[in-house]
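**Student:** Fold the following and give me the result.
(one chain, ligands or ions: 3)
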Amino acid sequence: MSERRPSIAGEETPQPPFPVYLKGAVSKGFGRGSRELGIPTANLPEEVADEAGKVIDTGIYYGWASVGSCPEVHPMVMSFGWNPYYKNEKRSAEVHIIHDYPQDFYGEELRIIVTGYIRAEKNYESLDALIDDINTDIRVAKNSLSRPAYQALKSHSFVVSPIP
Ligand code: ADP
Ligand code: RBF
Ligand code: MG
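**Tutor:** Residues are numbered from 1 along each chain as shown. Ligands and ions are numbered 1, 2, ... in the order given. Prediction:
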């Protein structure tokens with residue numbers, strides 16, 4: 001059995017260093033997200049992950065995201081770190097957008113506002129245990145983003161205004 005976890009993360013209003021604004025063209029990863037986990041994660045470019053590393057520690061985060069020329073903003077969860085379960089050698093910033101997209105969007109601009117921290121990265125005994133925790137992260141993200149101060153950021157121009 002997995003541990004019980006809190007259903008909400010962070011304070012009533014985002015606390016420094018949040019919100020953190022990141023954007024970049026979606027790059028290719030190992031293709032494991034969709035294939036092995038059933039949870040696709042869009043990778044931000046390495047330089048953007050390096051920028052993020054100056055302001056946030058590795059871990060799992062929640063916030064808002066938009067893609068390409070589309071101004072629609074959706075909740076997101078981000079894994080920032082080394083993916084201990086897969087023993088990656090590079091630190092990656094991978095974003096799962098809580099929305100069903102009809103197709104891939106490699107190369108398109110991904111814009112995110114990171115609004116809070118959920119938990120530290122962990123290693124797992126099984127793929128199922130990792131998937132369980134990611135599904136809990138998704139619920140925690142939705143609950144956490146329902147608070148007014150977080151809702152306000154959903155209409156921030158950084159995510160709403162697509163590249164002309
Ligand atoms: P990779 O290892 O290349 O990141 P994934 O299997 O994790 O491959 O799939 C990620 C890709 O799936 C993204 O780059 C994006 O093009 C696409 N995608 C489709 N829906 C989503 C979504 N809801 N969140 C994130 N990426 C998505
Ligand atoms: N990988 C880990 O090794 N440990 C984790 O704790 C972990 N948490 C994640 C949480 C979320 C919300 C997401 C989207 C991914 C997480 N992953 C974690 C990353 C997962 O291993 C990665 O998405 C796959 O390796 C596909 O690239
Ligand atoms: Mg991925």
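**Student:** how many other residues sit next to Glu47?
**Tutor:** 9 (other Cβ atoms under 10 Å). (C-beta placed from N, C-alpha, C; glycine too.)
**Student:** Am I right that it sits in a strand?
**Tutor:** No: Glu47 is assigned helix when assessed by DSSP: H, G, I helix; E, B strand; the rest coil, not a strand.
**Student:** Return the set of buried residues in stretch 86-98.
**Tutor:** Ser92, Ala93, Glu94, Val95, His96, Ile97, Ile98 (16 or more other Cβ atoms under 10 Å).
**Student:** where do the strands sit along the chain?
**Tutor:** Ranges of strands in the chain, per DSSP state E, are 20-25, 42-43, 59-67, 74-81, 92-97, 109-119.
**Student:** My read is that Gly53 contacts Arg91, right?
**Tutor:** Yes: the criterion here is Cβ atoms under 8 Å, and Gly53 meets it with Arg91 at 6.5 Å.
**Student:** Mutual contacts of the two, please.
**Tutor:** Residues within reach of Gly53 and of Arg91 at once, by Cβ atoms under 8 Å, 6 or more residues apart in numbering, are Phe80.
**Student:** All set now, cheers.
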